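Participant: Sequence and predicted structure below; questions after.
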Amino acid sequence: MKRSILIHPDPRLKKVAAAVDDVSDELRVLANDMLSTMYDAPGIGLAAPQVGVGARLIVLDCEKGDESTPRPLAMFNPEVVSSSDEMNTYDEGCLSIPDTYADVTRPEAVTVRWMDVNGNAVEETFDGLWATCVQHEIDHLEGKLFIDYLSALKRQLITRKMVKLKRDRARDAF
Ligand code: K1U
Ligand code: ZN
């Protein structure tokens, strides 16, 4: 089932998400719903707070393009255990901040530890777009958005644009 994605500004996007103790059937359904929502958007990642759930769960699949094999990942309690000194700048977007992109600089490679849908501990090193995306999604679990890396002025302009977008969408839905 597709879920609706919260648009910034929303207090639920600013909260620190709670750790998951056990992966219940309900959380497995949520992970599947988030993957459907992400592919439908379309996007390459999604965090539970973006669908209004304050749990430490992210999904991602950065295998873009028609030729590539999909690689959907669901990560519970993901944490970065090490980061490269080398940095990378990427023009990031966010499904909670539609049609808005900005350069963000982050470590080029990160090693992430998480719990998979079966409750098993997994560790893997990501680089390139995968590394950018997994860091962006883990930030969501801390209530942090990519616009928090920008100047206060840029952030304010983007926030105003989103307030207007939400007002227009609410008016159109009426
Ligand atoms: O967290 C999110 O809101 C999803 C976001 C993830 C992300 C994108 C770029 C850099 C870091 C993290 C998106 O998926 S925005 C949409 C997007 O980037 C995209 C959409 C379709 C095809 C390819 C990319
Ligand atoms: Zn995002």
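Facilitator: Perfect, I can see it now. Residues are numbered from 1 along each chain as shown. Ligands and ions are numbered 1, 2, ... in the order given.
Participant: Quote the end-to-end distance of stretch 101-113.
Facilitator: 28 Å (CA to CA, to the nearest Å).
Participant: go on, stretch 10-27?
Facilitator: Taking CA to CA as the criterion, the two ends of stretch 10-27 lie 23 Å apart.
Participant: Next, the buried residues of it.
Facilitator: 13, 17, 20, 23, 27 (16 or more other CB atoms under 10 Å). (Glycine included, C-beta is placed from N, CA and C.)
Participant: Ligand 1 contacts on the chain?
Facilitator: 42-47, 64, 90, 92-96, 132-133, 136-137 (CB under 6 Å from any ligand atom).
Participant: Over in this structure, which residue gets nearest ligand 1? Let me know.
Facilitator: Closest residue of the chain to ligand 1, CB to the nearest ligand atom: residue 43 (2.9 Å).
Participant: That residue belongs to a helix, doesn't it?
Facilitator: No: judged by DSSP: H, G, I helix; E, B strand; the rest coil, residue 43 forms no part of a helix; its state is coil.
Participant: Let me see the contact set for it.
Facilitator: residue 95 (CB atoms under 8 Å, 6 or more residues apart in numbering).
Participant: check contacts around residue 62.
Facilitator: 44-45, 71, 128-130, 133.
Participant: Without its sequence neighbours, what residue ends up closest to the spatially most central residue of the chain?
Facilitator: The residue lying closest to the centre of the chain (CA atoms, centre = their mean) is residue 137, at 3.2 Å. Using CB to CB, 6 or more residues apart in numbering and skipping residues adjacent in sequence, the residue nearest residue 137 is residue 58, 3.9 Å away.
Participant: Please apply the same query to residue 90.
Facilitator: residue 132 (4.6 Å).
Participant: Please apply the same query to residue 130.
Facilitator: residue 62 (4.7 Å).
Participant: Confirm that residue 98 sits in a strand.
Facilitator: Yes: under three-state DSSP, residue 98 falls within a strand.
Participant: what's near enough to touch it?
Facilitator: 7, 162, 165.
Participant: Could you verify that the last one is part of a strand?
Facilitator: No: membership of residue 165 in a strand is not supported by three-state DSSP, which gives helix.
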